[in-house]
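# Dropping the sequence and predicted coords here.
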Amino acid sequence: MSDLNKRHASTAAVITGGAQGVGLAIAHQLVAEGCRRLVLAGRDAEKGARAVAELAELGGKVRFVPLDLQDVDACLGLIEKAVVELGTVDALVNAAALGARGTLLDTSPELWDEMFATNVRAPFFLMQGFVKHRLTQGGGGAIVNILSQCVHCGQSYLSAYSASKGALATLTKNVANAYRFDRIRCNAILPGWMDTPGEDATQRRYHGATDGWLERAEAAQPMGQLCKPHQLAGLASYLLSPDAGVMTGALIDYDQNVPGAYPE
């Protein structure tokens with residue numbers, strides 16, 4: 001095991017969804033472990049500026065790039081911009097996603113297309129750009145995709161979302177298999193219900209949540225909390241690091257509830 005304070009000293013990373021929530025937590029973890037070269041991408045320039053300032057105070061050289069995940073050219077261009085900015089890119093985190101609600105019966109074709117463009121097509125072309133760059137560098141590098149426990153099924157109102165995350169799960173394994181001889185590793189984390197700013201907005205928008213919803217929700221969980229981004233970030237950092245060794249193609253459940261388990 002390498003020195004945690006220096007494990008990512010040579011890492012040059014791109015993180016989508018890096019301005020808040022899981023993406024920002026992973027960025028913080030990488031910087032804490034020595035990473036000094038980061039490109040964060042997301043929709044909100046104001047949040048991006050705040051994230052850059054936070055990480056700069058910790059010693060990171062960080063740039064925020066506005067990114068529309070539904071723009072394929074922008075996704076491909078992100079890796080190119082990051083290479084110009086950082087000199088190289090050897091770590092990619094696909095943390096950004098669309099979590100809109102929709103059942104089998106009320107999901108429109110427009111929502112379906114938006115869901116798959118954001119949650120599947122964007123990571124596909126981001127990984128395409130990343131792998132192409134790594135091959136020019138002789139291989140090596142690591143990808144972490146942030147999925148969801150919805151890969152296993154998902155609630156009825158997350159029909160299209162669950163389908164998109166299931167597609168990304170298969171894509172994770174496909175990429176891992178295709179480029180294992182190039183030493184490019186690709187793994188995924190499947191978190192359960194998470195405590196993030198995005199989840200707070202989602203609960204209020206779609207489920208009528210009021211102040212105190214988080215405390216009520218956590219009181220009902222087996223371990224008395226929702227999944228926390230800063231806890232998950234340690235796992236992501238490990239997967240991106242040389243300490244993960246040959247680990248590739250893994251879909252790691254990250255939750256306090258076990259898929260396939262039933263009430264006693």
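Right, received. Where do you want to start?
# In a helix, Glu110, correct?
Yes. Counting by DSSP: H, G, I helix; E, B strand; the rest coil, one finds Glu110 located in a helix.
# Could you check the pLDDT of it?
As predicted, Glu110 sits at a pLDDT of 97.
# do the same with the one 4 residues further on
What the model reports for Glu114 is a pLDDT of 97.
# from what I can see it touches Gln70, true?
Yes. Here Glu114 lies in contact with Gln70, judged by Cβ atoms under 8 Å, at a distance of 6.9 Å. Quick note: C-beta positions are derived from backbone N, CA and C, even for glycine.
# who's more crowded, these two?
When Glu114 and Gln70 are compared on other Cβ atoms under 10 Å, the one with more neighbours turns out to be Glu114, at 18 against 15.
# list the contacts for that one?
For Glu114, the contacting residues are 70, 98, 100, by Cβ atoms under 8 Å, 6 or more residues apart in numbering.
# now the second one, what's its secondary structure?
Using three-state DSSP, the three-state assignment for Leu98 comes out as coil.
# From Ala19, how far out is it?
When distances are taken as Cβ to Cβ, to the nearest Å, Leu98 and Ala19 turn out to be 15 Å apart.
# circling back: how about JSON lines for the contacts of Glu114, with distance to Ala188 added?
As requested, these are arranged in JSON lines below (distance: Cβ to Cβ, whole Å):
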{"residue": "Gln70", "distance to Ala188": "21"}
{"residue": "Leu98", "distance to Ala188": "17"}
{"residue": "Ala100", "distance to Ala188": "21"}
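# May I see those residues arranged in a markdown table, with pLDDT as well?
Supplementary listing: those in a markdown table, determined by pLDDT from 0 to 100:
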| residue | pLDDT |
| --- | --- |
| Gln70 | 94 |
| Leu98 | 93 |
| Ala100 | 91 |
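# which one of those sits closest to Val131?
Gln70 (21.1 Å; Cβ to Cβ).
# So that closest one is in contact with Asn119, correct?
No. Here Gln70 does not reach Asn119: they are 10.4 Å apart, not a contact under Cβ under 8 Å.
# Grab the nearest non-local neighbour of Asp44.
Distances taken as Cβ to Cβ, 6 or more residues apart in numbering put Ala19 closest to Asp44, at 5.8 Å, once the chain neighbours are dropped.
# quick one: the one you found is in a strand?
No. Using three-state DSSP, the assignment for Ala19 is coil, not a strand.
# give me the number of residues near it?
For Ala19, using other Cβ under 10 Å, the count is 26.
# gap between it and Ala96?
Remark: distance between Ala19 and Ala96 (Cβ to Cβ) = 9 Å.
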